[in-house]
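K.L.:
following is a predicted model, sequence given first.
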Amino acid sequence: MKQLKLGLFENVAANVGGTVTWRHEDDQRHRFDDLRYWRDLGEVLEDAGFDFLFLGDAWGWAEIDGVRPPVATQESLDLPRLDPVVVASALLSTTRNLGLVVTGSVLVEPPYAFVRRMATLDHLSGGRLGWNIVTTGTAETAVRAFGMDMVAHDERYAMAEEFLEVAYAYWEGAWEPDALTRDKRGRFADPAKVHPVEHAGRFFRSQGYGNAPYSPQGTPVLFQAGASTAGRRLAGRHGEAVFIGSGPAADLRRHASAVRAEAVAAGRAASDVQVMAAVSCVVGASPGDARRRHASVLRCQTPEATVASYAMFTGIDLSAHPPGTPMADLRTELSRTQLERFAGRTVGDVLDAWRTHGVGAQPIVGTAQEVADEICALAEGADLDGVLLSPVLQPTSTLEFVEEVLPLLRARGVLADGYRDGETLRERLTGSGSPVLPRTHPAAAHRHPRPGASP
Ligand SMILES: Cc1cc2nc3c(=O)[nH]c(=O)nc-3n(C[C@H](O)[C@H](OP(=O)(O)O)[C@H](O)CO)c2cc1C
């Protein structure tokens, strides 16, 4: 069995992934705006040897027929939410090895400012930064807040392609890796190694010099999480780590194969893409104990919250459709993953599933041994390169996983034993021995001297 990469999936908010857990007595996510909460979590993950912390993010909110349902506020389904980049910055000084993967949207700001922000984090973290490329699933509400017109789903992915080209131009081409000499008796940087960027495209224009010099990884590790057809294509062309969500092993395996096929179609190797899925678990001293603990989580869910939560991700009010309606009859310009993953199911099925586990999959509920067995079976069945723990309760679920399940996975050799000091996130995830993207990646075409140019 492959040795798996291990991440933790969180949002900077009181709930994660569409279910209500903030009010559970064993949950602390109501402290999402407390620096100590995040620093404590960062320390737990680093001490346990997690490869990275993955912070999802959105800009919009739940709306049904143009109205934000009161339950969204009462249960903090969508808002309030804080900035994952700032949380990641806050963890720089209290962690040394933990990868920090932040979600950044291509929809709401031009590349130039975003590029510097990411490069700054990559510099200050010593090359531990990852970027989850999204086009903003909550686009319909988010665009209003930014004073923009709505951009259709596939058009957002076209924007993503162009955004990446501009970002690569600045990250990989604006400053050569050895441009800075910082020679007090000579010069700070070599002008011959600093290059202006010129871009004029359908969505973005940028002309000028990059602010940030070449960072330890050049380009942050490129994560992608968007399982629609357009999302998989972007993942295959650009992604290094692709987060395909949750679900049964057979579904995940099909999805993983599709992403790897897209990578090969784009001239890359299938192994250039690490495919990872989310797992949630509820551990108990006995199966019955685990079931009882899971039942206490389910008691926090309500039908109103389930409907409002699904609407946030897709803009679809499931309560407006008869339970027997096939999901295949519905359409969305928002998060298509959360529609397409339920193909073949009915509205009634999805209301049940979403109430139980939101964007995730049915949690693994059992003893630590049973949880470890199921994670191994899922990873092998789906041909995964990694898993993201999506804690049901925080930090309770994380702590029980670390204390009871992780040792069992380590004992089986399923997880690496720990960090190699000074290793960048890319080196750890890809095993390539290089902190920067390979020449086969589209970003490399932006480097100087231009590939094929006379030195
Ligand atoms: C596991 C996981 C996590 C995701 N996390 C986010 C996120 O944090 N923010 C976001 O805007 N879009 C996230 N997405 C992508 C959305 O589903 C959606 O992609 P898609 O499903 O339509 O391809 C895009 O945002 C739409 O513009 C995620 C997708 C998956 C599968």
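P.N.:
Nice, I can see it. Numbers count the residues shown, from 1 in each chain.
K.L.:
quick one: the residue nearest to Leu180 when sequence neighbours are not counted from the ligand, how far?
P.N.:
Once flanking residues are discounted, Leu180 sits nearest to Ala189: 5.0 Å by Cβ to Cβ, 6 or more residues apart in numbering. Where you see a C-beta, it was placed from the backbone N, CA and C, and this is true even at glycine. As judged by Cβ to the nearest ligand atom, to the nearest Å, Ala189 and the ligand stand 36 Å apart.
K.L.:
contact partners for Ala189?
P.N.:
Trp175, Ala179, Leu180, Thr181, Arg182, Pro213 (Cβ atoms under 8 Å, 6 or more residues apart in numbering).
K.L.:
so what pLDDT did it get?
P.N.:
pLDDT, Ala189: 98.
K.L.:
can you tell me which residues contact Ala174?
P.N.:
Ala174 neighbours (Cβ under 8 Å, 6+ apart): Val194, His195, Pro196, Val197, Tyr209, Gly210.
K.L.:
neighbour-wise, which of those residues leads?
P.N.:
Gly210 (22 neighbours; other Cβ atoms under 10 Å).
K.L.:
re earlier: are any of the contacts of Ala189 buried, and which?
P.N.:
With burial judged by 16 or more other Cβ atoms under 10 Å, the buried subset of the contacts of Ala189 is Trp175, Ala179, Leu180, Pro213.
K.L.:
backbone dihedrals for the third one, please?
P.N.:
Same thing as Leu180. Dihedral pair for Leu180: phi -80, psi 130, per degrees, to the nearest 10.
K.L.:
surely it is in contact with Arg187?
P.N.:
No - with contact defined as Cβ atoms under 8 Å, Leu180 does not count as touching Arg187 (9.7 Å).
K.L.:
ok, back up a step: show me the two of the buried ones among the contacts of Ala189 that sit farthest apart.
P.N.:
Trp175 and Leu180 (7.5 Å; Cβ to Cβ).
K.L.:
joint contacts of these two?
P.N.:
Ala189, Pro213.
K.L.:
what is the neighbour count of Arg128?
P.N.:
So Arg128, with other Cβ under 10 Å, has 30 neighbours.
K.L.:
that one: what's it in contact with?
P.N.:
Phe52, Thr95, Asn97, Leu98, Gly99, Leu100, Asp122, Thr424, Leu425.
K.L.:
please apply the same query to Val436.
P.N.:
Gln217, Gly218, Thr219, Arg426.
K.L.:
and the last one, what element?
P.N.:
This means Arg426. helix 425-430 (DSSP states H and E).
K.L.:
next, count neighbours for the closest residue to the ligand within the stretch 301-450 of the chain.
P.N.:
For the stretch 301-450 of the chain and the ligand, the shortest gap (Cβ to the nearest ligand atom) falls at Thr337, measuring 3.1 Å. The number of residues packed around Thr337, counting by other Cβ under 10 Å, is 22.
K.L.:
now do the closest residue to it other than its chain neighbours, the pLDDT please.
P.N.:
Leaving aside its sequence neighbours, Thr337 sits nearest to Ala227 (Cβ to Cβ, 6+ apart; 3.9 Å). Ala227 is assigned a predicted lDDT (pLDDT) of 88.
K.L.:
which SS class is Ala227?
P.N.:
Of the three states, Ala227 takes coil according to DSSP: H, G, I helix; E, B strand; the rest coil.
K.L.:
hmm, Phe342 and it touching each other?
P.N.:
No - under the criterion of Cβ under 8 Å, Ala227 is not in contact with Phe342, lying 11.7 Å apart.
K.L.:
settle it for me: which of the two has more neighbours?
P.N.:
Between Ala227 and Phe342, Ala227 has the larger neighbour count (other Cβ under 10 Å), namely 24 against 21.
K.L.:
for the more buried one, give me its contacts.
P.N.:
Ala227 neighbours (Cβ under 8 Å, 6+ apart): Ile244, Gly245, His255, Arg336, Thr337, Glu340, Arg341.
K.L.:
now swap in Ile316 and tell me
P.N.:
So Ile316 contacts Tyr310, Leu330, Thr332, Leu339 (Cβ under 8 Å, 6+ apart).
K.L.:
tell me the most packed of the residues you listed, by neighbour count.
P.N.:
Tyr310 (30 neighbours).
K.L.:
ok, it touching Asp352?
P.N.:
No - Tyr310 is beyond contact range of Asp352, at 11.6 Å (criterion: Cβ under 8 Å).
K.L.:
surely Ala58 and Arg81 touch.
P.N.:
Yes - contact between Ala58 and Arg81 holds when scored by Cβ under 8 Å: they sit 7.1 Å apart.
K.L.:
more crowded one of the two?
P.N.:
Each of Ala58 and Arg81 has its neighbours counted (other Cβ under 10 Å); Ala58 has more, 23 against 20.
K.L.:
ok, and the closest non-adjacent residue to that one?
P.N.:
According to Cβ to Cβ, 6+ apart, the nearest residue to Ala58 is Thr138 (4.4 Å).
K.L.:
with respect to the ligand, which of the contacts of Val436 is nearest?
P.N.:
Thr219 (19.7 Å).
K.L.:
give me the phi and psi for that closest one.
P.N.:
phi -110, psi 130.
K.L.:
now swap in Arg81 and tell me
P.N.:
phi -150, psi 140.
K.L.:
heads up, I number from 467, so please use that
P.N.:
In the new count, where the first residue is 467, that last one comes out as Arg547.
K.L.:
spatially central residue in the protein, please.
P.N.:
Asn598 (4.6 Å; Cα atoms, centre = their mean).
K.L.:
hang on, that one in a strand?
P.N.:
Yes - under three-state DSSP, Asn598 falls within a strand.
K.L.:
give the contact list for it.
P.N.:
With Cβ under 8 Å, 6+ apart, Asn598 has these contacts: Phe520, Leu521, Gly522, Asp523, Val567, Val568, Thr569, Gly570, Phe689, Gln690, Ala691, Phe709.
K.L.:
so which of the contacts of Ala693 are in helices?
P.N.:
The helices, defined by DSSP state H, take in His721, Thr803, Glu806 from the contacts of Ala693.
K.L.:
I'd say the second one and Gly697 touch.
P.N.:
Read it as Thr803. Yes - with contact defined as Cβ under 8 Å, Thr803 counts as touching Gly697 (7.0 Å).
K.L.:
got a pLDDT number for the residue nearest to Leu805 when sequence neighbours are not counted?
P.N.:
Excluding the flanking residues, the one nearest Leu805 by Cβ to Cβ, 6+ apart is Thr798, at 5.2 Å. Thr798 carries a pLDDT value of 97.
K.L.:
perfect, I'm done here.
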